[in-house]
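**Student:** Take a look and give me a structure for this.
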Amino acid sequence: MVISFICSSALILSFSLLIITHRKIEGITMHGIIFGSTLALAVTTVSAQPYGLEERVANTTLLISEAPAAAPEPHHSLRVFPAISLPNTLRVFGFAEQNSLVMVSPLGVNSFSLDAPEPTLGAPWFELPTNWQILDAALGNGVFALTVVDTSPVSPRVFLARHVVGTAIVEELDFEISVSTTADAHASIAYTMEGKFLVAFGDLGRPQLAEQSASFEGGVWELDSSSLLPFRKIARGLHAPRLSVDSLMGTVFVTDSSDSGIVEVNRLGENLNFGWPTMAGIGCNPSGSSCSSAGRTRPLFSVPLSGTGFVGGSVSLDSQAPDLHARFLLVNSMDRAVRVLEDTGASSLTAQVLHTFPTGAVTAIGSDHLGMVYVVVDGGLYSLRPMDGSRNSFPTRLSDIPALLNAGLGQDQTNAGIIPYEPSAKLWSDGARKERFFALPGLAKLGFQSQDGWDFPSGGVVIKNFILPLDERSGATVERRLETRLLVRHDAGWGGYSYVWNDTETDATLLPRALKRPVPLIESNGDTLDYVWDYPSRTDCFRCHTSAANVVLGLNTGQMNHSITFPDSGVYDNQLRAYEHVGLFETALPAPPEELERIPAQNDQSASLNDRARAFLHANCSYCHRPEGGGQIGTDFRWSVPLEEMGILYDRPSGFDLDIVDAWLLLPGHPEQSVLTARMESISPAYRMPPLARSRVATEDLEMMNAWITSLQMGSLWIVK
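**Tutor:** Purely as a prediction, here's the structure:
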């Protein structure tokens, strides 16, 4: 009977008084013990609301002490798979579906499993007809496309062929170009990240045709997806080209060598003329002659070498050589040197010699499906490793740190010291869903700030995942994990990093710079939208994560002062309360959470329309529009600033009126005359706000902001001038 009433403090107290009365004759001491014990039970019961976090777990796994390598160090070559040898190898590449490495030689295609402890080269995939020799090959969507030379002395020719993986047939396609000798036969082929085959022809012994817009000689052509026949010319002006595809950024590189011994690297683009035979590298051909560079594209990099021969390249994504991450490795058969270039997107690049093979015939370079680069020398495979054996510890893939990969997959990592969090008001990111975590080294603590971002110690990491719905129709649940972003507090300050997820959503790779990637979407009305997702550069990150806002935007008192369900405990609790309970802050909170600043979510219907609108401005605009934040119109949209002090009610726009008649920054009662919401509605890069990586309209937020402006009434403080 008594136990059933323990949850009621009032009844507990009544029960304790009954005991005191009944036992009074047994003395004051017993009385005091019984009363004190019962009252303590009552108080404990009242205050025993569980915490979202009950104890702090030290983070001992997600420890990032270094920034990415600024420049590669000298490397040495290491023979790998010593039992593998295929003389005169032309191309190596990975076959992800079989976890194998494919080796292409003039006489056929072989492969071996990367899973085997001691792999050996398998039988040829198919038999070539008499007089056929492969020039190059590429694999895409289960189809092998080949460039081939018929070595018949009567009528040598270059043509295209196709092989379907899993069959024993090689089909000659209805396309050929005659050559005078087999020595003139140069034709390279590649499969791009957009799912297209490209073929690049050398000048085939007819250099005078290489710059002509209609000739196959010296040109790069796109192949039809079904027939694999050339149908669209992309570029021209090449002598002996070799195509290489950057599997991370999607860039297509064209390496080339000329009869005069000039080696060059080009970045493929529409309607480019790379200049051969008028130019070789950055100079005229022949050397010392005069020519015009008008209409001709200078190479990214060129170097003079003695003689002619094989030249090619590949992009490294080798996690064992992180200082080479996303850099282009160029190798040639003339001086057997491996050079490394960092493709920054600039029109000219510099290269350094990474390693030189002292002897042997260098015939190919390529990478497996994970990005490990192999150089083929005398038929054997070599990888490159740092000379002193050390390696940069910054993760080039999320899987380099298992707990980081798990957080990137949205899995709760509280037991690893990685803490989930959620701000109340959200930054619009084209409708993407987000998952958020942060981690501190060991049991390090945060410096509490009443406003702006909390202070992170060196080694602190903030993680944000972006998951985009691919079908916006009612009831659809198809979505794609696109990106994981990290903010890392280094000793020298914050660094911002973006990782792009692979198609199977099993891992994500560090990007070296900004990237745009198409993601087809189905809108709510059933229409298909050719949408492009923007991955920011490392400097782009700090256009939003400003130092004026103390860099971390969501992790501040007002944004965190609300309750979430903590995934590890399943407890719904205020984040400030839970964090203080486990000692996450260097100092105690200055007041209980209910007395501290609290910003509502912009879709919180229990909050006033005014507070919801102010919350939107704070989350989406105030990181720039604040003192020293970089906003150019003198406004201050922070939550703590009263509306009449935001600098928006009295001003006309200085330009950028978006053709609004009688435009104001914000005209109370008149959203149609307010540039504030017009810039929310614009998707033009020149006018949209926020300005970065937004190409869709936040419809619900826009409707809410228009309703808020409509609700505002002009009073004595608001006098239209």
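**Student:** hey, let's count contacts and neighbours off CA atoms from now on
**Tutor:** Fine.
**Student:** ok, which stretches of the stretch 51-200 of the chain are strands?
**Tutor:** Assigned by DSSP state E, counting those that start in this stretch, the strands in the stretch 51-200 of the chain fall at 75-80, 91-95, 100-105, 108-113, 132-140, 143-150, 157-164, 171-178, 187-191, 197-201.
**Student:** What distance do you get for A214 to F394?
**Tutor:** The gap separating A214 from F394 is 48 Å, by CA to CA, to the nearest Å.
**Student:** which of the two has more neighbours?
**Tutor:** F394 (20 against 12; other CA atoms under 10 Å).
**Student:** ok, so what distance separates the more buried one from R517?
**Tutor:** 24 Å.
**Student:** Tell me where the model's unsure across the stretch 101-250 of the chain.
**Tutor:** Across the stretch 101-250 of the chain, nothing is flagged by pLDDT under 70.
**Student:** at 90 instead, please
**Tutor:** Along the stretch 101-250 of the chain, segments meeting pLDDT under 90 span 153-155.
**Student:** quick revisit: can you add mean neighbour count and give the strands of the stretch 51-200 of the chain back as TSV?
**Tutor:** As requested, the strands of the stretch 51-200 of the chain are exported to TSV (neighbours: other CA atoms under 10 Å):
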stretch	mean neighbour count
strand 75-80	16
strand 91-95	23
strand 100-105	22
strand 108-113	20
strand 132-140	22
strand 143-150	23
strand 157-164	21
strand 171-178	14
strand 187-191	25
strand 197-201	27
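**Student:** between these, which gets nearest to K464?
**Tutor:** Of all these, strand 91-95 sits nearest to K464, with 30.8 Å by CA to CA.
**Student:** Pretty sure H618 sits in a strand.
**Tutor:** No: with DSSP: H, G, I helix; E, B strand; the rest coil as the criterion, H618 is located in helix rather than a strand.
**Student:** Am I right that I419 is in a helix?
**Tutor:** No: read with three-state DSSP, I419 is strand and lies in no helix.
**Student:** Just list the residues touching it, thanks.
**Tutor:** By CA atoms under 8 Å, 6 or more residues apart in numbering, the contact set of I419 is Q413, F437, F438, A439.
**Student:** quick check, nearest of those to N271?
**Tutor:** Closest approach between those and N271, by CA to CA: F437, at 45.5 Å.
**Student:** ok, back up a step: including distance to L139, pLDDT and neighbour count, could the contacts of I419 go into a markdown table?
**Tutor:** What follows is the contacts of I419, written out as a markdown table (distance: CA to CA, whole Å; pLDDT from 0 to 100; neighbours: other CA atoms under 10 Å):
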| residue | distance to L139 | pLDDT | neighbour count |
| --- | --- | --- | --- |
| Q413 | 39 | 97 | 20 |
| F437 | 39 | 98 | 23 |
| F438 | 41 | 98 | 22 |
| A439 | 42 | 98 | 29 |
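**Student:** Show me these that map onto strands.
**Tutor:** Among the contacts of I419, the members found in strands (DSSP state E) are F437, F438, A439.
**Student:** got those as a markdown table, with distance to Q320 columns?
**Tutor:** Converted to a markdown table, the ones in strands among the contacts of I419 look like this (distance: CA to CA, whole Å):
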| residue | distance to Q320 |
| --- | --- |
| F437 | 27 |
| F438 | 26 |
| A439 | 25 |
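**Student:** ok, A67 - contacts?
**Tutor:** Going by CA under 8 Å, 6+ apart, A67 touches F394, H490, G495.
**Student:** Does E264 touch T255 like I think?
**Tutor:** Yes: using CA atoms under 8 Å, E264 is in contact with T255, at 5.7 Å.
**Student:** Looking only at neighbour counts, state which of these two leads.
**Tutor:** Neighbour count, other CA under 10 Å: between E264 and T255, T255 has more, with 28 against 25.
**Student:** Retrieve the pLDDT associated with the more buried one.
**Tutor:** At T255, the model reports a pLDDT of 98.
**Student:** Span of stretch 521-540 from start to end?
**Tutor:** 25 Å.
**Student:** ok, residues contacting it?
**Tutor:** By CA under 8 Å, 6+ apart, the surrounding residues in contact with stretch 521-540 are 469-474, 483, 495-498, 500, 512-520, 693.
**Student:** same check, this time on stretch 212-227
**Tutor:** For stretch 212-227, the external contacting residues (CA under 8 Å, 6+ apart) are 196-204, 206-207, 209-211, 229-240, 276.
**Student:** at 7 Å instead, please
**Tutor:** Contact with stretch 212-227 is made by 196-204, 209-211, 229-239, as judged by CA atoms under 7 Å, 6 or more residues apart in numbering.
**Student:** what does stretch 401-417 give?
**Tutor:** Residues from elsewhere that reach stretch 401-417 (CA under 7 Å, 6+ apart): 57-59, 61-62, 398-399, 419, 435, 439, 465, 484, 567-568.
**Student:** Please apply the same query to stretch 598-618.
**Tutor:** S424, A425, G558, Q559, N561, F637, R638, W639, M705, W708.
**Student:** need the contact list for the closest residue in space to P469 that isn't next to it in sequence.
**Tutor:** Counting by CA to CA, 6 or more residues apart in numbering, P469 lies nearest to E479, which is 4.0 Å off, once chain neighbours are set aside. In this structure, E479 makes contact with I467, L468, P469, L470, judged by CA under 7 Å, 6+ apart.
**Student:** Pretty sure the third one sits against R480.
**Tutor:** Yes: with contact defined as CA atoms under 7 Å, P469 and R480 form a contacting pair (6.4 Å).
**Student:** Kindly reformat the contacts of stretch 598-618 as a markdown table containing pLDDT, distance to N620 and neighbour count.
**Tutor:** Formatted as a markdown table, the entries for those read as follows, by pLDDT from 0 to 100; distance: CA to CA, whole Å; neighbours: other CA atoms under 10 Å:
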| residue | pLDDT | distance to N620 | neighbour count |
| --- | --- | --- | --- |
| S424 | 97 | 12 | 24 |
| A425 | 96 | 9 | 25 |
| G558 | 96 | 14 | 25 |
| Q559 | 97 | 12 | 26 |
| N561 | 98 | 18 | 24 |
| F637 | 93 | 9 | 26 |
| R638 | 94 | 10 | 25 |
| W639 | 94 | 11 | 22 |
| M705 | 96 | 12 | 24 |
| W708 | 96 | 16 | 21 |
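**Student:** Next, format these as TSV and append distance to L90 and secondary structure.
**Tutor:** Below are the contacts of stretch 598-618 laid out as TSV (distance: CA to CA, whole Å; DSSP: H, G, I helix; E, B strand; the rest coil):
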residue	distance to L90	secondary structure
S424	57	coil
A425	56	coil
G558	61	helix
Q559	57	helix
N561	61	coil
F637	60	coil
R638	61	coil
W639	63	coil
M705	61	helix
W708	66	helix
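**Student:** Which member of those is positioned nearest S458?
**Tutor:** Q559 (22.7 Å).
**Student:** right, and the closest one touches P423 too?
**Tutor:** Yes: using CA under 7 Å, Q559 is in contact with P423, at 4.8 Å.
**Student:** Any figure for the gap between G410 and R433?
**Tutor:** For G410, the distance to R433 (CA to CA) stands at 11 Å.
**Student:** out of those two, which sits in the more crowded spot?
**Tutor:** G410 (20 against 15).
**Student:** what lines up beside the top strand by length along the chain in the sheet?
**Tutor:** Determined from DSSP E, the single longest strand within the chain is strand 479-490. Take DSSP bridges as the rule and strand 479-490 pairs in its sheet with strand 461-469 (antiparallel), strand 493-501 (antiparallel).
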